[in-house]
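>>> give me a 3D structure for the following:
(chains A, B, C and D)
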There are 2 protein chains.
Amino acid sequence: MSLQHAILGILSYKPTTGYDLKHIIDKNISYIWSAKLSQIYRDLGSLERKGYVTTRIEKQGGRPDKKIYSVTEEGEKALQEWMIKFPQELLPPIRDEFCIRILFGSRLPVEELKFQLNRFIKEIQARLEVYQGLTKVIDKYAEDMGIPGEKFFWRLTLQRGFICKEAEMRWARECLLELEKNYPGKPLEDSDQADKA
Amino acid sequence: MSLQHAILGILSYKPTTGYDLKHIIDKNISYIWSAKLSQIYRDLGSLERKGYVTTRIEKQGGRPDKKIYSVTEEGEKALQEWMIKFPQELLPPIRDEFCIRILFGSRLPVEELKFQLNRFIKEIQARLEVYQGLTKVIDKYAEDMGIPGEKFFWRLTLQRGFICKEAEMRWARECLLELEKNYPGKPLEDSDQADKA
DNA sequence: GAATTCATGTAACTTGTTACATGATTTA
DNA sequence: TAAATCATGTAACAAGTTACATGAATTC
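Numbers count the residues shown, from 1 in each chain, chains lettered A, B, ... in the order given. Alright, predicted model coming up:
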């Protein structure tokens, strides 16, 4: 349901089209949420059927008409209720495909593993560089929307992107070190039972 | 597809039932993957239809018969191919519901936000404590399965759980500090344009 | 006597992805 | 003149969740 609530929240700043929502999401909150255009259109349809948004057509010459979505009072209420009701479990289930591959890492040559870990690190670095530019992007967005007070919260969420991606990078680097030092050949020491041996 | 590959990998250590797979996943790899029993049964069915696993029935008195799944040669091959083919994009799309709520945090009283952040921190602490015990659990699992060499990789993935959850906790604590210091009342300073004022 | 564990699933639903369809306008 | 942008979607598929169904054995 979160995409629909994210959409309601964004539309509450200013009514726009589905196409534009996609750009706003990609540019401004890709570090906490992502969505395909097809899903956005479907969820907008769903929101409309529930009466949470209404549409107004803006005719254009040569281009398809714009369908501009606005939040209704019902929609505002629904968003507000969702905001108040935090779930019992705040931590979502984890699904980390990259780690599944590491888990079964003995099936691959060490060199391949190192190569993939290095790719992983490079992708995170690229992501971190994007994040660096995002502070200005979200500040500008808040200014454009006439909601400068929201910067505070947007920056908090962006900060999470930084901290978590940095942590992932540290982990990947540790993995490389471990592969260098303790695998293969050198047997694994039972650190908590070292006295047994 | 990752659940199916995780299942193939686990079954390759030792054939078991769907019911038992659920326990193995919950106990040993909850920090990188989770799955409901209903999905496990469905995916086992799918794997069987593809010829990647076969079943053998073990009759029991009074209890439903056990259906024990084993990986076929085809299944081994499929898993191996999946392992070799890392995706182009190693970083999965991010979807963080908690952050969506923080993003629209101005809709809530500050006290409510602080309360939820504290809940968040507590849940992470509980998780970290579980992780602490997991080193022994996964080591025991590796011993029981007769695959002591796999400990190396299992520990690497568990390490990721630690590092990432710690990072999330640091972030949440930063949020609390920010709420204390800069919100509300105190206006947000444009740190990169401070000289303008 | 009630709740949990053991052991199997199915059906309906929600969420997210991929591929397809249309067609003018603008940029390289 | 080829590719990207603007702007709308639909259909089929894949993955994950929730709710339901059965029923003996064991533990509290």
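>>> now do the helices in chain A.
A:2-13, A:18-28, A:37-49, A:73-84, A:97-103, A:110-145, A:151-182 (DSSP state H).
>>> possible to save those as CSV with mean pLDDT and mean neighbour count?
C-beta: built from backbone N, CA, C; applies to glycine. Output for those, formatted as CSV (pLDDT from 0 to 100; neighbours: other C-beta atoms under 10 Å in any protein chain shown):
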stretch, mean pLDDT, mean neighbour count
helix A:2-13, 97, 22
helix A:18-28, 98, 17
helix A:37-49, 98, 16
helix A:73-84, 97, 16
helix A:97-103, 98, 22
helix A:110-145, 97, 16
helix A:151-182, 97, 19
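>>> how about those helices in TSV, adding distance to B:Gln60?
Conversion of those to TSV gives the following (distance: least, C-beta to C-beta, whole Å):
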stretch	distance to B:Gln60
helix A:2-13	43
helix A:18-28	52
helix A:37-49	45
helix A:73-84	46
helix A:97-103	31
helix A:110-145	42
helix A:151-182	43
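>>> could you dump those to TSV with distance to DNA strand D?
Formatted as TSV, the entries for these read as follows, by distance: least, C-beta to the nearest atom of the strand, whole Å:
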stretch	distance to DNA strand D
helix A:2-13	12
helix A:18-28	3
helix A:37-49	3
helix A:73-84	15
helix A:97-103	9
helix A:110-145	15
helix A:151-182	19
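>>> how is chain A divided into domains?
According to automatic domain parsing, chain A comprises the domains A:3-84, A:97-196.
>>> which residue sits closest to the most centrally placed residue in chain A, ignoring its sequence neighbours?
Taking C-alpha atoms, centre = their mean, the centroid of chain A lies closest to A:Ile32, which sits 2.8 Å from it. The spatial neighbour of A:Ile32 that comes closest, neighbours along the chain excluded (C-beta to C-beta, 6 or more residues apart in numbering or on different chains), is B:Cys99 at 4.1 Å.
>>> any idea how far that neighbour lies from DNA strand C?
Plainly put, B:Cys99 is 13 Å away from DNA strand C if you go by C-beta to the nearest atom of the strand, to the nearest Å.
>>> and what of A:Pro109?
Using C-beta to the nearest atom of the strand, which is the criterion applied here, A:Pro109 is 27 Å from DNA strand C.
>>> relative to B:Gly61, how far out is that residue?
Using C-beta to C-beta, to the nearest Å, A:Pro109 is found at 48 Å from B:Gly61.
>>> the more surrounded of those two?
Comparing A:Pro109 with B:Gly61 by neighbour count (other C-beta atoms under 10 Å in any protein chain shown), the higher total belongs to A:Pro109, at 11 against 4.
>>> need the contact list for that one.
Taking C-beta atoms under 8 Å, 6 or more residues apart in numbering or on different chains as the contact definition, A:Pro109 lies against nothing.
>>> OK, now which residue of chain A is nearest to chain B?
When you check chain A against chain B by C-beta to the nearest C-beta, the closest residue turns out to be A:Ala167, at 3.4 Å.
>>> for the nearest residue in space to that residue that is not next to it in sequence, what are its contacts?
Leaving aside its chain neighbours, A:Ala167 sits nearest to B:Ala167 (3.4 Å; criterion: C-beta to C-beta, 6+ apart). Residues touching B:Ala167, when contacts are defined by C-beta under 8 Å, 6+ apart, comprise A:163-164, A:166-167.
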